[in-house]
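> Okay, sequence plus prediction incoming.
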Amino acid sequence: MAQLLKVHGSMNHFFLLDQSQFDTPLPADTLVALTKTITAKAGLLDGADGLLVVSPDDHAAGRMTVINADGTYAKMCGNGLRTVSRYLAEQTGQKEFVVQTAESALRVHQSADLAKGVPAFGVEISPVSFKAADLPFAQLGHDEIIDQVLPEIHPSFKFTAIAVPNPHLIAFVSEAELNGEAIGEIGKRLNAPNPYFPEGVNVTFAAIMGPQTIFARTYERGVGFTNACGTGMSATSLALVLTHPEVAALDQLITVYNPGGKVQTNVHQENDQYWIELIGNATVTHTIEIPDASLQAGNFDGAKVTETGEQADYDRFVADLPVHGLVKTI
Ligand SMILES: N[C@@H](CCC[C@H](N)C(=O)O)C(=O)O
């Protein structure tokens, strides 16, 4: 039997699979087939937003590979990295270490619990780029997009485009617009074949709730609406610092509420490079035993699921948040 975990960061749900439990790691096509099967709404435990694959690495505590629900690979996942950090911390006994991701080795550390039974980790989000080639985007008349109206995308919203290194398009909007049609319409359009973001883009709308406080909602590339996007909230925090200096600054905690809960971010600049610290929950909701043969066949036949009980603590934490319910949890 093999083990799989169901985990979440701000209710951005994933399955986590450790390749080191197999004599021969599962090949890429099996992982993609498995991801599509188990993350579908009719899949295992009502599905998830993606699969986090943990593998051994010679220079880090482990390596994280992210597969979106539609089977595409993502360069990074902030909420996922927190849960992988917790997993590796429990495996290795370390509280502070480095995790290898698709483009870079990122620093992570255990943080104080957010509430009773709600463990938390802080993770580095980097590298940051505004360059058209790094997102990529085209045919929008700009080499970088920072606080720009883009008539090709929307007549009035001002957008900022940031790769961290996965691509994000961000607009600060009113609270009413968080629940409006525009975010889904733009998200769907830019993640279907289109001339502007040929590889798709994660679209985040955020409302400014007060000093250093925002509410963010994301339509994710390769997934659709999610309860939260860690890299999206990190990129949005950087956009906030750059475009709204009256409410946020470098090296100060920013509170980011989202449909699934709350995280904190801290935007830093070192040697002309930005990086963001993302701090939030790393919750394990279920452990799952699956016959090896099912995993090899890309399905979950014969899966035995055990609840950990952590979700009840997380639900209590969320119920106490002051802006819980501004956008419905999925
Ligand atoms: N939910 C993630 C981001 C996952 C990847 C994204 N869908 C992409 O393709 O870039 C996060 O927490 O950062």
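Structure's in. What do you need?
> What is the neighbour count of the residue lying closest to N191 once chain neighbours are set aside?
Spatial nearest neighbour of N191, chain neighbours left out: G200 (4.2 Å); criterion: C-beta to C-beta, 6 or more residues apart in numbering. Any C-beta I mention is one placed from the backbone N, CA and C, and that applies to glycine too. The burial count assigned to G200 is 21, neighbours taken as other C-beta atoms under 10 Å.
> Mind checking what secondary structure G200 has?
Classification of G200 using DSSP: H, G, I helix; E, B strand; the rest coil returns coil.
> quick one: contacts for it?
P167, L190, N191, R221, G222 (C-beta atoms under 8 Å, 6 or more residues apart in numbering).
> One more: P167?
D134, L135, P136, F137, A161, F197, E199, G200, V201, N202, R221.
> one step back: so which of the contacts of G200 are also by the ligand?
R221, G222 (C-beta under 6 Å from any ligand atom).
> and this protein, which residues reach the ligand?
Going by C-beta under 6 Å from any ligand atom, the residues of the chain near the ligand are 12, 66, 68, 74, 77-80, 166, 202, 220-223, 226, 229-231.
> switch to 8 Å and redo it
9-10, 12, 49-50, 66, 68, 72-81, 166-168, 200, 202, 218, 220-223, 226, 228-234 (C-beta under 8 Å from any ligand atom).
> Among the residues you listed, which lie within strands?
Among the residues of the chain next to the ligand, DSSP state E puts 9, 12, 50, 66, 68, 73-74, 167-168, 202, 218, 220, 226 in strands.
> who's in contact with stretch 268-280?
9-10, 78-79, 81-82, 111, 114, 120-128, 164, 230-231, 233-235, 237-238, 250-251, 261-267.
> Dump the contacts of P167 to TSV, plus pLDDT.
Shown next, in TSV, are these (pLDDT from 0 to 100):
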residue	pLDDT
D134	98
L135	98
P136	98
F137	98
A161	98
F197	98
E199	97
G200	98
V201	98
N202	98
R221	97
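> What subset of these is buried?
D134, L135, F137, A161, F197, G200, V201, N202, R221 (16 or more other C-beta atoms under 10 Å).
> I'd say the fifth one and F137 touch.
What that stands for is F197. Yes - counting by C-beta atoms under 8 Å, F197 does reach F137; the two are 5.3 Å apart.
> Okay, domains of this structure per the record?
Here the domain parsing of the chain from automatic domain parsing is 2-124+281-319, 132-275.
> where do the helices sit along the protein?
28-39, 78-92, 175-178, 182-190, 230-243, 292-296, 310-319 (DSSP state H).
> Please identify the most buried of those helices.
When you average the neighbours per residue for each of those (mean count of other C-beta atoms under 10 Å), helix 230-243 leads with a mean of 27.
> avg pLDDT for that helix?
For helix 230-243, mean pLDDT rounds to 98.
> got the angle between that helix and helix 78-92?
Our comparison of helix 230-243 with helix 78-92, counting by axes from the mean of the first three to the mean of the last three C-alpha atoms, to 10 degrees, yields an angle of 120 degrees.
> picking up where we left off before, pick the one among the buried ones among the contacts of P167 closest to the ligand.
R221 (3.9 Å; C-beta to the nearest ligand atom).
> Nearest spatial neighbour of that closest one, chain-adjacent residues omitted?
Closest residue in space to R221, ignoring its immediate chain neighbours: G200 at 4.1 Å, by C-beta to C-beta, 6+ apart.
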